[in-house]
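*Asks:* Predicted model and sequence below, questions to follow.
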Amino acid sequence: MVADIVPANRRLDAYGLMRIGANLGWALGPMIGGLLALFSFSLLFLLGGIATGVVASFLMVMLNESCVVGKSQERFRIREMMNITHDRQFAAFCIISLFLFIMFGQMSSTFAVYSENQVHISTAEVGYLYAINGLLVVLFQFSIARFISHYRMCTVIAAGSLLYAVGYGLVGLASDFLFLALCTFIVTMGEMTVSPSSMNLVANMSPENERGRYIGFYGLFSSYGYAAGPFVGGVMMDLLIGSPVLLWVSIGMFGIVAMAGYLLLGQRMSDNLNRSKTD
């Protein structure tokens, strides 16, 4: 919908603004949930369900369909999604992104478990790390989106992948909350660099009448990565728990592989697609 209703030269700003709203919820959610859980876990999930229902009702009543191109009565078929793979450049982008999404999935799984069990911070302090992540996005995402809009998108995403790799790679050296907070800061900088620019690049690469399919296909890869992330991180933790530096450097290598892939892809991509401020 963002790609439909926002001019191409403002999409990066729009994706950044959308992430600010999402991360404001990400920052406030654990704090509100923690307070509610003090009274009742049942109340927590009941109110969460009611809130989600209110949002769903608002979306149904207040938002109009954004797609005005190619409207027809043809029924969509799942197998048509695979036609997208004929776009080799886009397929390569999705496969490269899978490595990055696997690393995305570490924040709410391996990182949290390691922080509690090995660095020995409290559960509340893990919540504070998540709050730091969300608040940083709220405070700085829009400015960073403006800054990166002047550069080629593949280069920007590669830089963000490197920040992810460095942030997670340093976790193996952490001995207290403050060091983990530094790691969270670096990872969040990578997140603020990668997330809006990757969505903007997907919108640029997709034909206007197939934008939903392209973004949906990219979403499938993000879901696979998020799902595989905890499994991959858990297996690596079991195997390398005695060598924390090697464990987290190995996890960071997913970001290095993604960075190399994005740089190679960017060399083969036209400037018209690779720039954020396309006309």
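*Replies:* It's in. Numbers count the residues shown, from 1 in each chain.
*Asks:* Can you tell me the element the nearest residue to A37 once chain neighbours are set aside falls in?
*Replies:* Using C-beta to C-beta, 6 or more residues apart in numbering and skipping the chain neighbours, the partner closest in space to A37 is L44 (5.3 Å). No exception for glycine: its C-beta is placed from N, CA and C like everyone else's. When secondary structure is defined using DSSP states H and E, the element that contains L44 is helix 41-62.
*Asks:* before we move on, what about Q89?
*Replies:* The secondary structure element spanning Q89 is helix 88-104 (assigned by DSSP H and E).
*Asks:* other SSEs contacting that helix?
*Replies:* Other helices and strands packing on helix 88-104, by 3 or more C-beta pairs under 8 Å, 6 or more residues apart in numbering; DSSP states H and E, are helix 153-169, helix 177-205, helix 211-240, helix 244-268.
*Asks:* Take the ones you listed and write them to TSV, including distance to S97, mean neighbour count and mean pLDDT.
*Replies:* TSV is the format used below for those (distance: least, C-beta to C-beta, whole Å; neighbours: other C-beta atoms under 10 Å; pLDDT from 0 to 100):
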stretch	distance to S97	mean neighbour count	mean pLDDT
helix 153-169	8	24	95
helix 177-205	7	22	93
helix 211-240	6	16	90
helix 244-268	7	20	95
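*Asks:* Ok, which of the ones you listed comes nearest T85?
*Replies:* Checking those against T85 by C-beta to C-beta gives helix 211-240 as the closest, at 8.4 Å.
*Asks:* coming back round to it: could you list every helix and strand in contact with the helix holding L44?
*Replies:* Under the contact rule (3+ C-beta pairs under 8 Å, 6+ apart), helix 41-62 is packed against helix 11-39.
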